[in-house]
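1. Sequence and predicted model, in that order:
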Amino acid sequence: MSLKKALITGITGQDGAYLAQLLLGKGYEVHGLVRRSSHAEVTDHRLRWLGIEKDVHFVDGDLSDLAGLMRTFKLVRPDEVYNLAAQSFVHSSWQQPLLTAQITALGVTNVLECVRLECPEARFYQASSSEMFGLIQEEMQSETTPFYPRSPYAVAKLYGHWITINYRESFNLHASSGILFNHESPLRGKEFVTRKVTHAVARISLGQQDELKMGNIDAKRDWGHARDYVKAMWLMLQQDKPDDFVVATGRTTTVRDMIRIAFNHVGLDPDAYVKIDPALFRPAEVEVLLGNPAKAKAKLGWSTDITLEEMIAEMVDADIARLKRNA
Ligand code: NDP
Ligand code: GDP
């Protein structure tokens, strides 16, 4: 039997790296779309962290370039397509709303068109987001909770979510959408709140920094570990029928408490270091997210292995190790 082929857009990001590792472990031939950079030597840094950079096949491409994507699909002929590429940072989406729409929204249609026209038998995964719930309409959000996006990013993701459902219904594609709640890891970008905090805690513990400026620390998120969450993506594409699934832990925590967990891990008191900077508040905030993963548990047999405390400890330790290595 020939190897199954997977194509991952966004392979250089956090989830792309962990998903590539998972699929390689299952014997897949993994292809990843990589956009051109003048710093080619650092684009694969997350894959190198996992020690898999030589095991994946890279193809040049950008989500906004349909012709290039078509060529990639003709070349690779994937069995499974994971569309993870996006302008993924909420805060930046107010600065770059049009770019966010072009990549995070219309980019999804570009990939779906490639599936429809080049390999309609392929199974497709769309990286949807809990940010679509925004101003929450139910205390615990599930697949049936109405959406209320609160940022250009969330509006773009909502388009990606619905166009995936529409292509499934219009063209009978095996297209699934994972509504993933925040998930983090040592490979999370430093602009996101958990990694910003763990990196700062690592620096403070090594005497390299003495203050941490934060925005709205009363916001609450349902945080899981990316390594657990990429398993759900794969499971969705192994089902007989495509569907949509909320992927979450079912526990919500304030940014304030997450900060405390990180500082306590190195024996420090956050109150001595954390300062609130109004410039870091957002034009419209998502105050609280809490997901109900019952459907993913029941239908996919999915569950989490890693707690928030374990994940934050892993992230702080990884940041300390990185800083010591570069010292
Ligand atoms: P990252 O920001 O770490 O990765 C984003 C990826 O998209 C990178 O590989 C980036 O490439 C790539 N990319 C950006 N623009 C383009 C483009 N124009 N063409 C091709 N590739 C592009 O995100 P995550 O790994 O954390 O998230 C994966 C997906 O899941 C994203 O769609 C995100 O919005 C979504 N999501 C994430 C959640 C989370 O908590 N992590 C929660 C819910 C959804 P480059 O390296 O060149 O920048
Ligand atoms: P998001 O849920 O996709 O926006 O993920 P983030 O990690 O960027 O932000 C999570 C929450 O932390 C949001 O409610 C932010 O407003 C809040 N937050 C508070 N201070 C900061 C900060 O300094 N940086 C970031 N990124 N978020 C912050």
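-> Structure's in. What do you need? Ligands and ions are numbered 1, 2, ... in the order given.

2. give me the element the residue nearest to residue 285 when sequence neighbours are not counted is part of.
-> Nearest non-adjacent residue to residue 285, counting by CB to CB, 6 or more residues apart in numbering: residue 216, 5.8 Å away. The C-beta positions use only the backbone N, C-alpha and C, and glycine is treated the same way. Secondary structure from DSSP states H and E places residue 216 outside every helix and strand.

3. and residue 216, how far is that from residue 67?
-> 42 Å (CB to CB, to the nearest Å).

4. now swap in residue 263 and tell me
-> When residue 263 is compared with residue 67 (using CB to CB), they lie 50 Å apart.

5. quick revisit: quick one, which of residue 216 and residue 67 is more surrounded?
-> Neighbours were counted for residue 216 and for residue 67 using other CB atoms under 10 Å; residue 216 has more, 17 against 9.

6. contacting residues around that one?
-> Residues in contact with residue 216, defined by CB atoms under 8 Å, 6 or more residues apart in numbering, are 255, 280, 281, 282, 285.

7. Repeat that for residue 122.
-> By CB under 8 Å, 6+ apart, the residues touching residue 122 are 78, 79, 80, 81, 115, 174.

8. and these, which of them are in helices?
-> Those of the contacts of residue 122 mapping onto helices are residue 115, per DSSP state H.

9. quick one: which of the contacts of residue 122 is most hemmed in?
-> When neighbours are counted by other CB under 10 Å, residue 81 leads the contacts of residue 122 with 28 neighbours.

10. thought it was touching residue 127?
-> No: using CB atoms under 8 Å, residue 81 is not in contact with residue 127; the gap is 11.5 Å.

11. quick one, what contacts the closest residue to ligand 1 within the chain?
-> In the chain, the residue that lies nearest ligand 1 is residue 13 (2.0 Å; CB to the nearest ligand atom). By CB under 8 Å, 6+ apart, the residues touching residue 13 are 46, 84, 85, 88, 189.

12. what about burial for those, which qualify?
-> In those, burial by neighbour count holds for 46, 84, 85, 88, counting by 16 or more other CB atoms under 10 Å.

13. how about the residues of the chain that lie near ligand 2?
-> Taking CB under 6 Å from any ligand atom as the criterion, the chain approaches ligand 2 at residues 90-91, 131, 182, 191-193, 196, 214-217, 219, 221, 255, 280, 282, 285-286.

14. any idea how far residue 236 lies from residue 261?
-> Going from residue 236 to residue 261 by CB to CB gives 30 Å.

15. hang on, residue 111 packs against residue 62?
-> No: using CB under 8 Å, residue 111 makes no contact with residue 62, being 11.5 Å away.

16. what about those two, which has more around it?
-> The neighbour comparison of residue 111 against residue 62 (other CB under 10 Å) goes to residue 111, with 27 against 17.
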